[in-house]
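Participant: give the three-dimensional model of this entry:
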Amino acid sequence: MSTNSSKPEEKGFFEKVKETIEHLWDGTKETAEEVKDKTVETAEHIKDKVIPGKTTAKKPASVKRAVHGKTASAGKTTQKEVSGVKAKAARKIKEIESKAKDNTAKAKKAVADVKAKASEKTKTITAKAKAENTAKKTPATKTTTSKKVAAAK
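Facilitator: Numbering: from 1, shown residues only. Here you go, the predicted model:
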């Protein structure tokens, strides 16, 4: 029988964050490329229509400023979203670390309690065994000593 699961593996938190950031970055790049293409097309379209003169020269500059403003705002929006995701990830990391520290502390305390109980139980058993051993040796010693005294007479 196969031990491989037929279910897809679930992605961890950091993989999801990474994918979200990559998705945002790719979307921003695509948007920037689209805006750039539109700008080039608009500029070429305007150049075809423009008759050399002072009044027509102002239009491409305003279009460039508008497009530049749009790309800058898209970049700022993306940066805000990325910083928001980073902040959420940092908060989540801190929560996970604090939980891990708490669990570690609890485990260490439990281990220390078990060791203390085991040590106490060992001392009790050792003391009991010594007492029994001493009780057994005492009559045997007296008997041996009395036999030696009787043999010497």
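Participant: neighbours of residue 81, how many?
Facilitator: Summarising burial for residue 81: neighbours were counted as other C-beta atoms under 10 Å, giving 15. Where C-beta positions appear, they are placed from N, C-alpha and C, glycine not excepted.
Participant: I meant to write residue 42 there.
Facilitator: Residue 42: 16 surrounding residues under other C-beta under 10 Å.
Participant: in this structure it contacts residue 67, no?
Facilitator: Yes - the pair residue 42 and residue 67 passes the contact test of C-beta atoms under 8 Å, sitting 7.5 Å apart.
Participant: distance of the residue most central in space within the chain from residue 15?
Facilitator: Taking C-alpha atoms, centre = their mean, the centroid of the chain lies closest to residue 93, which sits 4.9 Å from it. Between residue 93 and residue 15 the distance is 14 Å, computed by C-beta to C-beta, to the nearest Å.
Participant: ok, residue 106 next?
Facilitator: Taking C-beta to C-beta, one finds residue 106 at 29 Å from residue 15.
Participant: ok, now residue 65?
Facilitator: From residue 65 to residue 15 the distance is 41 Å (C-beta to C-beta).
Participant: again with residue 100
Facilitator: 19 Å.
Participant: where exactly do the strands run in the chain?
Facilitator: Counting by DSSP state E, the chain has no strands at all.
Participant: mind naming the longest helix for it?
Facilitator: Longest helix in the chain by number of residues, with DSSP state H as the criterion: helix 54-152.
Participant: next, residue 12: phi, psi?
Facilitator: Dihedral pair for residue 12: phi -80, psi 170, per degrees, to the nearest 10.
Participant: what about it, how many residues close to it?
Facilitator: Neighbour number of residue 12 under other C-beta under 10 Å is 9.
Participant: what of the one 4 residues further on?
Facilitator: Other residues near residue 16 come to 12 when the count uses other C-beta under 10 Å.
Participant: and it, what pLDDT?
Facilitator: What the model reports as pLDDT for residue 16 is 83.
Participant: for residue 131, same thing?
Facilitator: 88.
Participant: and if you look at residue 60?
Facilitator: At residue 60, the pLDDT value in this model is 65.
Participant: all good on my end, thank you.
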